[in-house]
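**Q** sequence and predicted model, in that order:
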Amino acid sequence: MKTRMLLIASLLCFGTMLYAANKVPTFVPQPESVVAKTGHFVLSKKTKVFVPQAYLKDLRPYIHTKFQSDYDLKVQVLGGHRTPSSNYIFFEKVKGNKDEAYTLDISPERVLIQATNYAGFFDALQTLRQAIERDQEQYTIPCMVIKDAPRFAFRGIMLDVSRHFQTKEFVKKQIDILSSYKINKFHWHLTDDQGWRIEIKKYPNLTAKGAWRADRTGITWWQRTAATAGESKVIGGYYTQEDIKEVVEFARIRNVEVIPEIDVPGHSKALIASYPELTCFDTHDFEVATGGKAPNNALCAGNDTVFDFLDDVFTEVARLFPGQYIHIGGDECNKTNWKKCPKCQQRIKDNDLNGEEELQSYFVQRINKIITSKHKKMIGWDEILSGKGAKGATIMAWRAWQKPDLAAPRGGYPTIMTNFHHTYFCQLQGPKSMEPEGPGATISLSTAYSYEPVPAELTAQEKTYVLGTEACMWAEFLPSEAHYEYMMYPRMLALAEVAWTQPALKNWDRFQEAVVHNFDVLKKNHVAYSTSMYTVYGSFALDELTFEGQVYLNTETTGNIIRYTTDNTVPTAQSEAYDGVFIVKSGRTVQAGLFNPQGELLGKITVFKVIK
Ligand code: ACM
Ligand code: ZN
């Protein structure tokens, strides 16, 4: 009896060794539930992929391209369901899954993906792509069951292409990469003081003149002088309507809705330069701003021609963008001219408005009528809440200091959280002295990751107005593609997880490991990502009596080693490992770097002098 029990016990043990559940792959964003099983699915050129017939046209080229570029594999993608005995991936349309929810069940013989709509299948496919591993000479997928659904329906990125024009190829590249992290809204900031970027057939001056500005390259943004009429205007560019259609279609296949922004009534210098009669005082030449401040950039709110003009513009915009939203800006409107303009003042009188703030509400509400007449929903920055507000609008809550993240949902407005301190990835991501030129504030990767878009102060009912979140890439300091990408990645991975993953499942240690894994993916896709998460932050307190400094070093990542020197040499894997505050004499220079356990330097070297 005893021997039999031993035998059973050892068989059980052996069985567990043979059939231990798989290690779960790293995902960004982390799915709702992942249950590991045993065994692997082998992906090869014999693998057949079955997708619903209705999605074949879109999914076949996408899957072909991705499997080819990711794994150099040509799989067969077929419509409908003709199940072979094994080695197939089956996209099965089921009823009742909510919106983008999906399940992914991987067994050795087949991968079963269940979703209700295209969005769910596309998201599931991204999770599947992240689960594929290279195992010696073959690609395998560990068996597991994933059940997943997004926390928020709105998971966005805004690209400002006015301050620095970016090509449609660049835009498509970002849509392609970001959609693989389940970002599903692309907010395209197409107009601003420094350039109008969308062809409007009825008003050709908008791009003939408005898309071009005088060259001030090399002069810091806020110090640029205004252009003169006689100067040549060579910096800029715009998208033709054909370009726009191409981007919108590319995005559609990637489950991304494109939201155009035409920023009015402020931020309109490029528009005014093209059609000066639309401002309050058409008394002098206007030029597209070169950078810096752009005074006299508001459209006249008292002139009906302005609304007719915008109606025409929005007619063309609405035709080009099949999505549900049009963004009308509404931020930072300089009302100096409105105060002096007889037409604006007459409008205030005629409509019994209480000053220029309510004139802005009048303007925005009138634009809202235009937008809804085109069967679109209007989005505006939170400034449109001022005055009498903008009933019916969706709000992007950015001015953290004004608390629009409370005011907008409390006012019953659907709200997208774009908190300046957490989602403005145009801000630096490390110490100013170690980063390329940018605005003063810092949003480190961990700050971006720690963002909670739903304020705890809201009631359960008010919380239902929070649609999601979006990162904003204002581009004053982003002149090149590489700089743009450097600011977006890896912080966009943090935003992707903030927007998709339930808060209880967020975990910084797991996420930073996933980021390291995704550096390889980004590298393969030629993305110029930042490694600022490895920066060592140094600080010290100086003792005035002993002239000694107590030095404190810190980093946002875990699992690595800070090594430092105080003798003017560059730290190496052999340098002193930091294990808490240390003391140095005043006047010494501390140099510190972060090393992985293998002894490789991960980021840049931080250098600072301990001195009063
Ligand atoms: C904004 O940052 N002006 C919306
Ligand atoms: Zn006016």
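**A** Yep, that arrived. Ligands and ions are numbered 1, 2, ... in the order given.

**Q** and the average pLDDT for stretch 393-403 is what?
**A** The average of the pLDDT scores along stretch 393-403 is 97.

**Q** and what of stretch 545-555?
**A** Mean predicted confidence for stretch 545-555 is 94.

**Q** with stretch 596-610 instead?
**A** Mean predicted lDDT for stretch 596-610 stands at 96.

**Q** how far off centre is it?
**A** 28 Å (CA atoms, centre = their mean, to the nearest Å).

**Q** try stretch 403-421
**A** Worked out by CA atoms, centre = their mean, stretch 403-421 lies 18 Å from the chain centre.

**Q** do that stretch and ligand 1 meet?
**A** No - for stretch 403-421, no contact with ligand 1 is found by CB under 6 Å from any ligand atom; the gap never falls below 7.1 Å. C-betas here are computed from N, CA, C, even on glycine.

**Q** make 14 the first number, not 1, from now on.
**A** Got it, the first residue is 14 from now on, which makes the last one we talked about stretch 416-434.

**Q** end to end, how far does that stretch reach?
**A** Stretch 416-434 has an end-to-end distance of 12 Å (CA to CA, to the nearest Å).

**Q** likewise for stretch 77-90?
**A** 8 Å.

**Q** and it, what's buried?
**A** 77, 79-80, 84, 86, 88, 90 (16 or more other CB atoms under 10 Å).

**Q** right, is the host helix or strand of residue 484 up against ligand 1?
**A** Assigning secondary structure by DSSP states H and E places residue 484 in strand 479-486. No - Strand 479-486 stays clear of ligand 1 (CB under 6 Å from any ligand atom), getting no nearer than 6.6 Å.

**Q** who are the packing partners of that strand?
**A** Where contact means 3 or more CB pairs under 8 Å, 6 or more residues apart in numbering; DSSP states H and E, strand 479-486 is packed against strand 167-173, strand 198-202, strand 428-430, helix 433-436, helix 494-501, helix 504-513.

**Q** pick the most buried one from those.
**A** Highest mean neighbour count among the helices and strands packed on strand 479-486 (mean count of other CB atoms under 10 Å): strand 428-430, with a mean of 29.

**Q** list the strands paired with that one, with their directions.
**A** strand 407-410 (parallel), strand 479-486 (parallel) (DSSP bridges).

**Q** sorry, back to before: and the furthest pair within the buried residues of stretch 77-90?
**A** 84 and 90 (14.3 Å; CB to CB).

**Q** need the residue closest to the centroid of this protein.
**A** residue 170 (3.4 Å; CA atoms, centre = their mean).

**Q** circling back to that earlier point, with mean pLDDT added, can I get the helices and strands packed on strand 479-486 in a markdown table?
**A** Listed next are the helices and strands packed on strand 479-486 as a markdown table, based on pLDDT from 0 to 100:
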| stretch | mean pLDDT |
| --- | --- |
| strand 167-173 | 98 |
| strand 198-202 | 99 |
| strand 428-430 | 98 |
| helix 433-436 | 96 |
| helix 494-501 | 98 |
| helix 504-513 | 98 |
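
**Q** could you tell me which residues of this protein lie near ligand 2?
**A** 293, 313, 315, 354, 356-357 (CB under 5 Å from the ion).

**Q** related to what we said a few turns ago, for the buried residues of stretch 77-90, which one is nearest ligand 1?
**A** Using CB to the nearest ligand atom, residue 79 is the member of the buried residues of stretch 77-90 that lies nearest ligand 1, at 34.4 Å.

**Q** chain center to the lengthiest helix in the chain, what's the gap?
**A** Scanning the chain for the longest helix, with DSSP state H as the assignment, gives helix 368-386. Relative to the centre of its chain, helix 368-386 is centred 29 Å away, using CA atoms, centre = their mean.

**Q** what's the first helix or strand after it?
**A** Next along the chain after helix 368-386, with elements defined by DSSP H and E, is strand 390-394.

**Q** and the longest helix of the chain, what other elements does it pack with?
**A** helix 317-333, strand 338-342, helix 349-353, helix 355-363, strand 390-394.

**Q** at 6 Å what do you get?
**A** In terms of contacts (3 or more CB pairs under 6 Å, 6 or more residues apart in numbering; DSSP states H and E), helix 368-386 is packed against helix 317-333.
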